[in-house]
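Engineer: got a predicted model here, sequence first, then my questions.
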Amino acid sequence: MNTGSPAAPTEAALQVYLKEFLMDPYVIDLPFPLRYALVHWIILAKRPAKSARAYKTIWTDHGSPLVHYSTNLAVGLNHQLNDPVEIGMAFGSPSAESALEKLLAQGVDEICLLPMFPHAAMATTGGCTALVKKRLKGRATLRVAPPFYDHPKLIDPLAHSLEGIQEYILFSYHGLPIRHLKKQPAPDYHVQCLATTQAVVKKVGLTDDQYSVSFQSRLGRDPWLEPDTEDVLSKLPALGKKKLAVICPSFFCDCLETLEEIELRGRKIFMDAGGESFRMIPCLNDSPVAFQCLETLMAQADDWLIQ
């Protein structure tokens, strides 16, 4: 399960998608009247048009890259595993509800939910779990995978993707409001991100002056995790870091946040600030190591927590 994507890179489709996404109390954790006012009166007034333009820059013949890669993973795993596998999105299509109904129609009495976010957060794994529990209505036992931010099957391919790279490396993770961390049991999202970084750094053999960590996708004026990726990109050239490689370990599949926010906008910010070269490291997507990672996690499903 992943967050999802609009049906098309159009203002109308983004209006529907963003309304559904941002009204989720796990995403914007404000009281309903405040959340409604913020989403309907402020965000939806301008953001759908802006987001539609951004999605058009990454849309492919297969549609949304996130949905395309996720679907390929589900189809491939279905061929490799004895148990049925379905892909479901929290928002948009294919929906988590349709995936659950397909599984239940096959007589499944236990469903194992694998949120495709290595790092657990209220807005992602928390929201996905709550949605599935609500839609499932007790019709099957539900097991939920733990976060896999330090699992060797994730760390090894991330480290391999950085081997031999001579550029300065920026680990850019999806950001979160600080208040979300206070609602999460230890280790919180921030700690998990730093643990992933250190595991990869150790595996590759990087020194402290060869990399740094930042957090992207900031929304609103509340305090978010620091430092902000855009700020870091604008300052690195002045610090002598003019050749850059960016890796985004909080994303299993490439999506708007990696392909548009980093590959396009991030590149421009860095190069305009005096950078000489910019490289974005692809996510695992539907590569062989992505299948191996998910297969290994699914093989451990009997130990996942019953919700």
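Structural biologist: Great, that's in hand.

Engineer: all helices for this protein, in order.
Structural biologist: Applying DSSP state H to the chain gives helices spanning 11-22, 32-37, 44-56, 65-80, 96-105, 127-136, 152-162, 178-181, 189-204, 229-235, 256-259, 267-272, 288-299.

Engineer: possible to save the ones you listed as JSON lines with mean neighbour count?
Structural biologist: Yep, even glycine has a C-beta here, placed from its N, CA and C like the rest. Output for the helices of the chain, formatted as JSON lines (neighbours: other C-beta atoms under 10 Å):
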{"stretch": "helix 11-22", "mean neighbour count": "18"}
{"stretch": "helix 32-37", "mean neighbour count": "12"}
{"stretch": "helix 44-56", "mean neighbour count": "16"}
{"stretch": "helix 65-80", "mean neighbour count": "18"}
{"stretch": "helix 96-105", "mean neighbour count": "17"}
{"stretch": "helix 127-136", "mean neighbour count": "18"}
{"stretch": "helix 152-162", "mean neighbour count": "18"}
{"stretch": "helix 178-181", "mean neighbour count": "16"}
{"stretch": "helix 189-204", "mean neighbour count": "19"}
{"stretch": "helix 229-235", "mean neighbour count": "20"}
{"stretch": "helix 256-259", "mean neighbour count": "23"}
{"stretch": "helix 267-272", "mean neighbour count": "17"}
{"stretch": "helix 288-299", "mean neighbour count": "17"}
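
Engineer: what would these look like in JSON lines with mean pLDDT?
Structural biologist: Shown next, in JSON lines, are these (pLDDT from 0 to 100):
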{"stretch": "helix 11-22", "mean pLDDT": "96"}
{"stretch": "helix 32-37", "mean pLDDT": "96"}
{"stretch": "helix 44-56", "mean pLDDT": "96"}
{"stretch": "helix 65-80", "mean pLDDT": "95"}
{"stretch": "helix 96-105", "mean pLDDT": "96"}
{"stretch": "helix 127-136", "mean pLDDT": "96"}
{"stretch": "helix 152-162", "mean pLDDT": "98"}
{"stretch": "helix 178-181", "mean pLDDT": "94"}
{"stretch": "helix 189-204", "mean pLDDT": "98"}
{"stretch": "helix 229-235", "mean pLDDT": "98"}
{"stretch": "helix 256-259", "mean pLDDT": "98"}
{"stretch": "helix 267-272", "mean pLDDT": "98"}
{"stretch": "helix 288-299", "mean pLDDT": "96"}
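
Engineer: can I get those helices in JSON lines with distance to F215?
Structural biologist: Listed next are those as JSON lines, based on distance: least, C-beta to C-beta, whole Å:
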{"stretch": "helix 11-22", "distance to F215": "19"}
{"stretch": "helix 32-37", "distance to F215": "23"}
{"stretch": "helix 44-56", "distance to F215": "19"}
{"stretch": "helix 65-80", "distance to F215": "20"}
{"stretch": "helix 96-105", "distance to F215": "27"}
{"stretch": "helix 127-136", "distance to F215": "19"}
{"stretch": "helix 152-162", "distance to F215": "17"}
{"stretch": "helix 178-181", "distance to F215": "11"}
{"stretch": "helix 189-204", "distance to F215": "8"}
{"stretch": "helix 229-235", "distance to F215": "6"}
{"stretch": "helix 256-259", "distance to F215": "11"}
{"stretch": "helix 267-272", "distance to F215": "15"}
{"stretch": "helix 288-299", "distance to F215": "23"}
